[in-house]
Structure formats: structure tokens, C-alpha cells
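Engineer: The amino acid sequence is not available; the structure is as follows:
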């Protein structure tokens, strides 16, 4: 993510409101599971930058329901977009939330 | 935090190893509590950029043991440094961990 803002916006630019802290902490919590970070990393390195749950089973060594659960949590947190094509749902990263997070640090 | 690296280091620069994902997720988890983000924000706006637990009781409306617990968790995660002076322990932000996090997004 590129970041053109000056140093220390968000967390360090002034007193964080309770509502800002709640929103920000919610994204941090979603990212607080190693397997979710590995999923984001795997999505980002795909040639077309998208995956279906089926494509993550082998590299992560997890069951498809477990993978689908984590993808759903990240989708609901606004970190992933999804598109159904035939039998499968394909997920891609929405960069806005991550940019917000990066700018807040 | 300033960031001179190009877009998408860390999470998005290649396949994250399991060990990198575990380390990164641990910091995200520590930051996944709104009150901890408010504490970091309050420390950052102090004129001398440090606080003791006693100074956070009133602005956060929490008990001192609760505040001390959260400060201890952030200290153990490497986000805060501490220094005992007389009766009180003063905490300040260690920026390195936050820079690592920012660069990983």
C-alpha cells in the first residue's frame, strides 16, 4: 500500500475517539490470526489476485470449511470482496481498509 | 511513522512464512482492543510522550489495575518501554514494532 501522508496520522496524530478506537481495533482483531495473514498473502501473490477456498486447502493444509470461515470473517470485516462464479466464490483483497489501517499507525 | 518503502512490503510482497504470520498476528491481536489504542494515542499526545497508569484513570474512566494490565500486555508485546521512578512506572511507546507493522501492510 502506498502512503503519501506525513508521519503519524491516526493513532499518533491526536486523541483517538472511542468510536475510532473501536473501528480500528476490530480490523486489528480480524488480522490477529496467523492463518488469515497467510491467506491475504496467498491471495496477493496469485497472478489474478483472487482465490476460491478450494485453492487454499493445499497450501495451508486446512479443511475447506475452516478456510471458508476465515474468508467469510475477512469479507464481513470489509477486507475481502467476493464474486460467485459457477460453484465457487472467488475472493480478492479490498485495499481501502488496509490503507486506512496503514495510515492509522 | 514514516514509510519510505515502496508499495506492499510484508503481507503483499510475497508468500508470508508461518513464523512471520505468527509474529505479525500477535501484534495485531494486542492492538485488537479499543482501550489499548486509546492508551497509545494518549501516550503519544503527552508533552513528554510518557504516562504512568495513574494518569490514564481519569481520561479512560477505567480502574488503575485494568489500565496496568493493558500497559503490561503492550509492554510484553514490545510496544511499550517502561521506567520505574519512585512509586510509579512510566511507559512510553517503542516505535520499532509499530513501524514493522506499518511496513508489513
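Structural biologist: Arrived safely, thanks for sending. The model shown is predicted, which means the values in this text are computed figures rather than measured ones.
Engineer: and the residue most central in space within chain A, what does it touch?
Structural biologist: Centroid-nearest residue in chain A, with CA atoms, centre = their mean: residue A:79, separated by 3.8 Å. Residue A:79 makes contact with A:27, A:30, A:31, A:40, A:93, A:94, A:97, A:98, according to CB atoms under 8 Å, 6 or more residues apart in numbering or on different chains. (Each C-beta comes from the backbone N, C-alpha and C, glycine too.)
Engineer: so which of those are also by chain B?
Structural biologist: By CB under 8 Å from any CB of the partner chain, the members of the contacts of residue A:79 lying near chain B are A:31, A:40, A:98.
Engineer: Nearest to chain B among the residues you listed?
Structural biologist: Distances from chain B to those, taken as CB to the nearest CB, are shortest for residue A:31 (4.2 Å).
Engineer: What is the burial count for the closest residue to that closest one other than its chain neighbours?
Structural biologist: Excluding the flanking residues, the one nearest residue A:31 by CB to CB, 6 or more residues apart in numbering or on different chains is residue B:28, at 4.2 Å. Per other CB atoms under 10 Å in any protein chain shown, the neighbour tally for residue B:28 reads 23.
Engineer: mind checking which helix or strand residue B:28 is in?
Structural biologist: Using DSSP states H and E, residue B:28 maps to helix B:18-30.
Engineer: so does the helix or strand following that helix get close to chain A?
Structural biologist: Note on helix B:18-30: by DSSP H and E, the next helix or strand toward the C-terminus is helix B:34-45. Yes: Helix B:34-45 is in contact with chain A by CB under 8 Å from any CB, via B:34, B:35, B:36, B:37, B:38, B:40, B:41, B:42, B:44, B:45.
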